[in-house]
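Chemist: Provided below are the primary sequence and the corresponding predicted coordinates.
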Amino acid sequence: MKKLFAFLVVLGMFLTSSNADDLLKTVQNRGVLKAGVKYDFPPFGFVNAKGQVVGFDIDLVKYIAKKLGVKPEFVQVTSKTRIPMVQSGTVDIAAASMTHKVKRDLPIDFTISYFFDGQSLLVPANSSVKSYNDLSGKRVAVIQGATSGDNLKKVNPKVKLVYLQEYPQAVMALRRGKVAAVSTDYTWCMAQAKASHGKLKVVGGTFTNEPYGMGVRENQSNFRDAVNFALQDAVRDGTYAKLYKKWFDVEPNKLPEVWPK
Ligand code: GLU
């Protein structure tokens, strides 16, 4: 009898805890998906002239929230804070231009890759720098918590890395001549070059692979499945290609994987 009672207590605990700890149910009961997004990384996440947070990541989150039957709520994250904010549950998901790295998959989980970029260099239009080889002994701005610093050090250990908090500070440093280059993903670099009206240019092509995944809390497979299915629905119904065209002005170079139904 005692044993049966103990068994039932444990079973009860297991059932309530597994239920309470189902992030998908929590989000759906709350009616809100809390998404960590960038405010400093156009065209993925940034604040437009009207003060609205917009971008490719934001539009994808809106689509995912709709599929989950909830409203999206956007919370600012930076390259440095996005993983801790997913871990602590401050946000349910980080859709924040985040490269899915094996190392990053230890503290959190990732969705399927939904964008494929690579690291590049942003330099002044009159710069003679053509690749990372020309940056030996030169100061290069990178952002804390981004992949860029480690990546650049690997290909050219003689670079002097200058770590900054957010991307606009890096552009400012470059414009003021405090650094010879800013290094991060190609798409952001291109957006900066475009917005600079001929003052900045992108050089060196891409020298890393940066597949973006959305960060979600560890061991929440119902939630992660739901987000993965929503991302794949976006590919299937053409939303992904439409958003890609809207934000990058080109056709997708590669589509996210779609699992057969
Ligand atoms: N995709 C790179 C990363 O995850 C650079 C862009 C960013 O800082 O978000 O580190």
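Modeler: Cool, the structure landed. Numbers count the residues shown, from 1 in each chain.
Chemist: spell out which parts of the stretch 51-200 of the chain neighbour the ligand.
Modeler: The stretch 51-200 of the chain has residues Ser79, Ser97, Met98, Thr99, Ile143, Ala146, Thr147, Ser148, Thr184, Asp185 near the ligand, with proximity defined as C-beta under 6 Å from any ligand atom. Yep, even glycine has a C-beta here, placed from its N, CA and C like the rest.
Chemist: hang on, Val75 in a strand?
Modeler: Yes - assigned with DSSP: H, G, I helix; E, B strand; the rest coil, Val75 falls within a strand.
Chemist: so that it lines up with my notes, have the first residue be 56 from now on.
Modeler: Okay, using 56 as the starting number, the last item reads as Val130.
Chemist: please report how far it lies from Gly100.
Modeler: 11 Å (C-beta to C-beta, to the nearest Å).
Chemist: who has more neighbours out of those two?
Modeler: Between Val130 and Gly100, counted using other C-beta atoms under 10 Å, the more crowded position is Gly100 (26 against 16).
Chemist: the more buried one: what's its closest spatial neighbour, skipping adjacent residues?
Modeler: Counting by C-beta to C-beta, 6 or more residues apart in numbering, Gly100 lies nearest to Lys93, which is 3.4 Å off, once chain neighbours are set aside.
Chemist: run through the bridge partners of Ala236.
Modeler: Val195 (DSSP bridges).
Chemist: next, count neighbours for it.
Modeler: The number of residues near Ala236, taken as other C-beta under 10 Å, comes to 27.
Chemist: what about the protein, any weak spots by pLDDT?
Modeler: 56-75 (pLDDT under 70).
Chemist: so how far is Tyr218 from the residue nearest to Thr136 when sequence neighbours are not counted?
Modeler: Nearest non-adjacent residue to Thr136, counting by C-beta to C-beta, 6+ apart: Gly200, 7.3 Å away. Separation of Gly200 from Tyr218 (C-beta to C-beta): 9 Å.
Chemist: more neighbours: the two, which one.
Modeler: Gly200 (18 against 14).
Chemist: in contact with the more buried one, which residues?
Modeler: Thr133, Ser134, Lys135, Thr136, Arg137, Ile138 (C-beta atoms under 8 Å, 6 or more residues apart in numbering).
Chemist: Trp302 now?
Modeler: Pro98, Phe99, Gly110, Phe111, Asp114.
Chemist: one more time with 6 Å
Modeler: Pro98, Phe111 (C-beta atoms under 6 Å, 6 or more residues apart in numbering).
Chemist: ditto for Val271
Modeler: So Val271 contacts Ile148, Asp164, Arg279 (C-beta under 6 Å, 6+ apart).
Chemist: got it, and Thr154?
Modeler: Thr202, Glu265.
Chemist: residue ranges of the strands in the stretch 156-305 of the chain, please?
Modeler: 164-165, 170-172, 174-179, 194-198, 215-219, 236-240, 255-258, 265-267, 270-271 (DSSP state E, counting those that start in this stretch).
Chemist: which residues sit against the third one?
Modeler: Contacts of strand 174-179 from elsewhere in the structure, counted by C-beta under 6 Å, 6+ apart, are 184, 203, 206, 236-238, 241, 244, 247, 255, 257-259, 261-263.
Chemist: the second one now?
Modeler: The list of residues contacting strand 170-172 from outside it, by C-beta under 6 Å, 6+ apart, reads Asp240, Tyr241, Thr242, Glu265, Pro266, Tyr267, Lys309.
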